[in-house]
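**Q** Structural data only, the sequence is not supplied:
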Ligand code: HEM
């Protein structure tokens, strides 16, 4: 693996650092997005029904589906990322050239923090920002790839998230599996309205109280098929 003949040599140190980036950048962000999506779905039973119907309709031979053919699930994930961006505040940016923003002078060299959480809930950019409504993205061209500055769950510019596609694939595949194979309910007769949606404050805005849900098996998942589908390189 070691290559010393390149302009930027690949060293064991580089490899370890990249792997660390993947673990630090990719695990808590993705699991936080999945937890928030499940929380919003359990709070909105009609949305849960609609997304499960889409996934169950798309799943052929009971367990196979094309994650790209799940447009409503994509809307659910977008809406989750709008209301609960796992990274609520982007890493600091430095102002290259003095400018005016909303009447404030931003001097050259000033450090700026972009509040993605506040952008997502700003009523100037959308109606009912406190409502979970995946349908709002149905007819909108707003995407999460860093071009729409009112919706930046993966950041923007050259320091945006390099794991965007991978993160979306993990979140989509995991949610689709959870929703295809299981029905979900709250424990102890708890009502959807009682679910505590408080966020933690930190680099990652996770759900403060753990999400406890009771699964009921809907479609069994043969273990061997699961391994083949998820890890084709292992199945020979
Ligand atoms: C739903 C999942 C994810 C979300 C919401 C997310 C979000 C973000 C955000 C907002 C940033 C800062 C971007 C900026 O300041 O403009 C970032 C940076 C980063 N992300 Fe992700 N991320 C996710 C998944 C992943 C995955 C799966 C990986 C790796 C496999 C990853 C690796 C990184 C790295 C290495 C950085 C730092 C980039 C830099 O500083 O140049 N992320 N992520």
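**A** Looks like it arrived, so ask away. As the structure is a computational prediction, the values presented were derived from the model and not from experiment.
**Q** Now do the strands in the chain.
**A** In the chain, the strands defined using DSSP state E lie at 93-94, 99-101, 104-106, 111-112, 182-185, 214-217.
**Q** quick one: is the first one near the ligand?
**A** No - no part of strand 93-94 sits near the ligand under the criterion Cβ under 6 Å from any ligand atom; the closest distance found is 7.8 Å. Bear in mind the C-beta positions are built from the backbone N, C-alpha and C, glycine included.
**Q** returning to what we had before: among the strands of the chain, which is the most enclosed?
**A** Mean neighbours per residue, mean count of other Cβ atoms under 10 Å, is largest over the strands of the chain for strand 182-185, with a mean of 15.
**Q** Each with direction, which strands does that strand pair with?
**A** Strand pairing for strand 182-185, using DSSP bridges, gives strand 214-217 (antiparallel).
**Q** if we can go back for a sec, in CSV, list the strands of the chain along with mean pLDDT and distance to residue 163.
**A** What follows is the strands of the chain, written out as CSV (pLDDT from 0 to 100; distance: least, Cβ to Cβ, whole Å):
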stretch, mean pLDDT, distance to residue 163
strand 93-94, 96, 20
strand 99-101, 94, 29
strand 104-106, 96, 29
strand 111-112, 96, 23
strand 182-185, 97, 27
strand 214-217, 95, 28
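**Q** which stretch among these comes nearest residue 157?
**A** With Cβ to Cβ as the criterion, residue 157 lies closest to strand 93-94 of the strands of the chain, at 7.8 Å.
**Q** which residues make contact with that closest one from outside it?
**A** For strand 93-94, the external contacting residues (Cβ atoms under 8 Å, 6 or more residues apart in numbering) are 109, 110, 111, 112, 113, 114, 157.
**Q** when you check the ligand, which of those residues turn up near it?
**A** Answer for these near the ligand (Cβ under 6 Å from any ligand atom): residue 157.
**Q** which among the contacts of strand 93-94 gets closest to residue 178?
**A** Checking the contacts of strand 93-94 against residue 178 with Cβ to Cβ, the nearest one is residue 114 at 31.2 Å.
**Q** Return the per-residue confidence for the residue lying closest to that closest one once chain neighbours are set aside.
**A** Counting by Cβ to Cβ, 6 or more residues apart in numbering, residue 114 lies nearest to residue 90, which is 4.4 Å off, once chain neighbours are set aside. Turning to residue 90, the model gives it a pLDDT of 96.
**Q** contacting residues for residue 90?
**A** Applying Cβ under 8 Å, 6+ apart, we find residue 90 in contact with 113, 114, 116, 152, 155, 156.
**Q** Can you find the helix or strand in the protein with the smallest mean pLDDT?
**A** Every helix and strand in the chain was compared by mean pLDDT, DSSP states H and E; the lowest is helix 223-230, with a mean of 57.
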